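K.L.:
Attaching a predicted model along with its sequence, questions to come.
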Amino acid sequence: MTDDPREIISALFVLAGSLLTLASSIGVLRFRDTLSRMHPSAKPQVLGLLLILIGAAIRVFPGIDVGMLLLVALVAVCTSPVIANRVGNLAYRESVEDGTITHEAPVLEKLHDKDIWPDSPR
């Protein structure tokens with residue numbers, strides 16, 4: 001074991017990121033449907049990756065690899081919300097078509113009863 005504080009701080013960041021990533025993967029396994037699985041697969045997973053990348057950047061700081069780690073972090077932060085949004089839209093659309101999500105029907109009936117759409121069939 002070394003007494004270098006950078007290695008200890010780096011190890012703590014990597015450990016925290018690994019635990020967050022583990023919790024995210026357990027959440028993906030525990031939830032039943034795609035809409036529920038989106039949250040643990042997007043937000044904690046990216047935060048865990050960022051913590052691991054911060055730990056790695058602290059460890060290799062004087063080197064040129066820090067730029068590559070920052071690029072990986074930027075790509076992960078930019079693409080994860082977009083992918084989660086697209087997967088959520090697709091899963092929601094397919095669930096409505098399959099009839100597994102039925103919470104919209106009472107809202108539409110209330111709107112039809114108020115004659116907001118007078119030309120719509122009842």
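P.N.:
On my side now, so go ahead. Numbers count the residues shown, from 1 in each chain.
K.L.:
just for the chain, where's the confidence low?
P.N.:
Within the chain, the ranges that satisfy pLDDT under 70 run 1-2, 96-122.
K.L.:
any idea which residue sits dead centre in it?
P.N.:
With distances taken as C-alpha atoms, centre = their mean, the residue of the chain nearest its centroid is residue 42 (0.9 Å).
K.L.:
From residue 77, how far out is it?
P.N.:
11 Å (C-beta to C-beta, to the nearest Å). All C-beta spots, glycine's among them, are computed from the backbone N, C-alpha and C.
K.L.:
picking that back up, and for the residue nearest to the residue nearest to the centre of the chain when sequence neighbours are not counted, the neighbour number?
P.N.:
The shortest distance from residue 42 to any non-neighbouring residue, by C-beta to C-beta, 6 or more residues apart in numbering, is to residue 84 (3.8 Å). As a burial measure, residue 84 scores 18 neighbours (other C-beta atoms under 10 Å).
K.L.:
What of the one 5 residues further on?
P.N.:
Neighbourhood size, residue 89 [other C-beta under 10 Å]: 10.
K.L.:
Tell me how many other residues surround residue 75.
P.N.:
With other C-beta under 10 Å as criterion, residue 75 counts 10.
K.L.:
What helix or strand is it located in?
P.N.:
Residue 75 belongs to helix 65-98 when elements are defined using DSSP states H and E.
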